[in-house]
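**Q** here is my input, please return the structure:
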Amino acid sequence: MTKTENETTFRSGFVALVGRPNVGKSTLMNALVGQKIAIMSHRPQTTRNQIRGVLTTDDAQVVFIDTPGIHKPKHRLGEFMVETAESTLKEVDVVCWVCDVTEPNHSGDAYIIERLKAVETPVVCILNKVDAVEKPGVLVMMDALLKQYPFAEMIPVSAKDGTQLDVLKKALVKYLPEGPQYYPRDMVTDHPEQFIISEVIREKVLRLTQEEVPHSVMVDIEQLERRDTSGVVYAHAIIYTERDSQKGILIGKRGAMLKKVGQMARQELEALLGNKVYLELWVKVKKDWRNDPSLLHRFGFHEER
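**A** Model prediction:
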């Protein structure tokens with residue numbers, strides 16, 4: 001059976017966003033989807049797991065996978081993050097390499113390009129943060145990168161102000177195969193509430209605490225329930241860190257820091273979930289948890305097969 005002139009082809013597939021830490025992958029995915037899905041921070045290595053964001057239009061559904069930044073790991077958690085990012089390259093229909101035009105000739109980019117040479121699917125180079133540089137500088141970087149890898153396309157964008165995001169969306173759709181709509185049209189992520197709540201709490205910790213705290217923090221939702229028909233969400237969360245001194249910073253004088261983390265997280269979660277949210281936060285110390293395989297497994301960081 002052939003398509004009539006009025007019929008359109010529906011395309012669907014998976015698109016990986018890969019790159020160095022702090023090049024704007026999470027900000028880009030949130031902008032493409034049109035809603036905050038992944039937590040953002042100026043600190044590198046904020047994303048630890050694969051984060052899925054779903055964009056659905058009349059003729060396509062694009063499932064974006066925001067991966068942890070590819071970097072030289074310093075502990076087992078870091079190794080897991082890099083393994084997660086690199087394994088994603090084999091599982092998607094399109095790979096988007098996101099680079100930062102404000103940092104040309106970065107040594108980490110050369111490392112990633114070597115990994116891309118083993119990729120069989122189309123690789124689109126996204127030059128992010130063009131709002132921060134002059135056009136000639138972008139063109140010079142594009143020319144240099146094309147000499148290192150035969151990208152299917154190179155698209156300069158700004159996730160911050162939306163420059164060329166529509167161009168990027170259209171370009172990605174044409175590389176997707178014909179396929180079904182995997183998710184309902186109004187669904188923007190497939191992550192459960194428990195994951196979303198823990199990530200939002202962690203983001204507030206990243207934003208509010210000192211340099212020595214953020215990367216040693218993990219949030220575990222020990223209890224999550226809706227206790228009545230009104231849909232009110234009750235969450236009991238444990239914020240784990242590695243040292244007693246970090247616990248003191250997280251709690252703050254007379255509990256002020258922990259209270260502020262809870263207030264900021266609750267306000268954002270109520271907007272995201274559309275329900276009133278009650279958070280109960282506790283801080284506990286788990287020494288060197290980032291190198292403990294059993295704790296990493298408990299927190300959802302599973303070994304790659």
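**Q** would you put the C-alpha positions of stretch 267-278 in PDB?
**A** The C-alpha coordinates for stretch 267-278 follow below in PDB (Å, rounded to 0.1, in the frame of the first residue of the first chain):
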ATOM      1  CA  GLN A 267       8.200  25.200  45.300                       C
ATOM      2  CA  GLU A 268       9.700  23.700  42.100                       C
ATOM      3  CA  LEU A 269       8.200  20.300  42.600                       C
ATOM      4  CA  GLU A 270       4.700  21.600  43.200                       C
ATOM      5  CA  ALA A 271       5.000  23.400  39.800                       C
ATOM      6  CA  LEU A 272       6.400  20.300  38.100                       C
ATOM      7  CA  LEU A 273       4.000  17.800  39.600                       C
ATOM      8  CA  GLY A 274       0.900  20.000  39.800                       C
ATOM      9  CA  ASN A 275       0.200  18.900  43.400                       C
ATOM     10  CA  LYS A 276       1.000  20.200  46.900                       C
ATOM     11  CA  VAL A 277       4.200  18.600  48.100                       C
ATOM     12  CA  TYR A 278       5.500  17.900  51.700                       C
END
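**Q** residues of that stretch that come out buried?
**A** Buried residues in stretch 267-278, counting neighbours by 16 or more other C-beta atoms under 10 Å, are found at 268-269, 272, 277. The way it works is simple: take the backbone N, C-alpha and C, and place the C-beta from them, glycine included.
**Q** with adjacent residues omitted, what lies nearest to residue 218?
**A** Take residue 218 and drop its neighbours on the chain: the residue closest to it by C-beta to C-beta, 6 or more residues apart in numbering is residue 240, 4.7 Å away.
**Q** so for the one you found, what's the pLDDT?
**A** pLDDT recorded at residue 240 is 90.
**Q** against residue 283, how distant is it?
**A** Distance, residue 240 to residue 283, using C-beta to C-beta, to the nearest Å: 8 Å.
**Q** also residue 261?
**A** Separation of residue 261 from residue 283 (C-beta to C-beta) stands at 10 Å.
**Q** cool, and residue 269?
**A** In terms of C-beta to C-beta, residue 269 sits 19 Å off from residue 283.
**Q** equivalent analysis for residue 242, please.
**A** For residue 242, the distance to residue 283 - C-beta to C-beta - is 12 Å.
**Q** just confirm the residue nearest to residue 218 is within a strand.
**A** Yes: according to DSSP: H, G, I helix; E, B strand; the rest coil, residue 240 belongs to a strand.
**Q** inside helices: which ones of the buried residues of stretch 267-278?
**A** 268-269, 272 (DSSP state H).
**Q** count of neighbours near the residue nearest to residue 218?
**A** Counted with other C-beta atoms under 10 Å, the neighbours of residue 240 add up to 20.
**Q** in this structure it contacts residue 289, no?
**A** Yes: contact criterion C-beta atoms under 8 Å: residue 240 and residue 289 qualify, at 6.1 Å.
**Q** all helices of the stretch 51-200 of the chain, in order?
**A** Ranges of helices in the stretch 51-200 of the chain, per DSSP state H, counting those that start in this stretch, are 76-88, 107-116, 135-146, 165-173, 193-208.
**Q** looking at those helices, spot the one closest to residue 35.
**A** Residue 35 lies closest to helix 193-208 among these, at 11.6 Å (C-beta to C-beta).
**Q** which elements pack onto that closest one?
**A** Helix 193-208 sits against strand 218-226, strand 233-241, helix 256-273, strand 277-285, with contacts defined as 3 or more C-beta pairs under 8 Å, 6 or more residues apart in numbering; DSSP states H and E.
**Q** out of those, deepest packed?
**A** Ranked by average neighbour count under the criterion mean count of other C-beta atoms under 10 Å, the helices and strands packed on helix 193-208 are headed by strand 233-241 at a mean of 20.
**Q** tell me how far that strand lies from the chain's centre.
**A** Strand 233-241 sits 21 Å away from the centroid of its parent chain (C-alpha atoms, centre = their mean, to the nearest Å).
**Q** just the residues contacting that strand, thanks.
**A** 193, 197-198, 201, 205, 213, 216-227, 247, 250, 258, 261, 269, 273, 275-286, 289 (C-beta atoms under 8 Å, 6 or more residues apart in numbering).
**Q** partner strands of that strand, parallel or antiparallel?
**A** strand 218-226 (antiparallel), strand 277-285 (parallel) (DSSP bridges).
**Q** tell me which residues in the next helix or strand after the last one are buried?
**A** Sequence order places helix 293-298 as the next helix or strand after strand 277-285, per DSSP states H and E. Of the residues in helix 293-298, those buried by neighbour count under the rule 16+ other C-beta under 10 Å are 295-296.
**Q** tally of neighbours for residue 145?
**A** Neighbourhood size, residue 145 [other C-beta under 10 Å]: 19.
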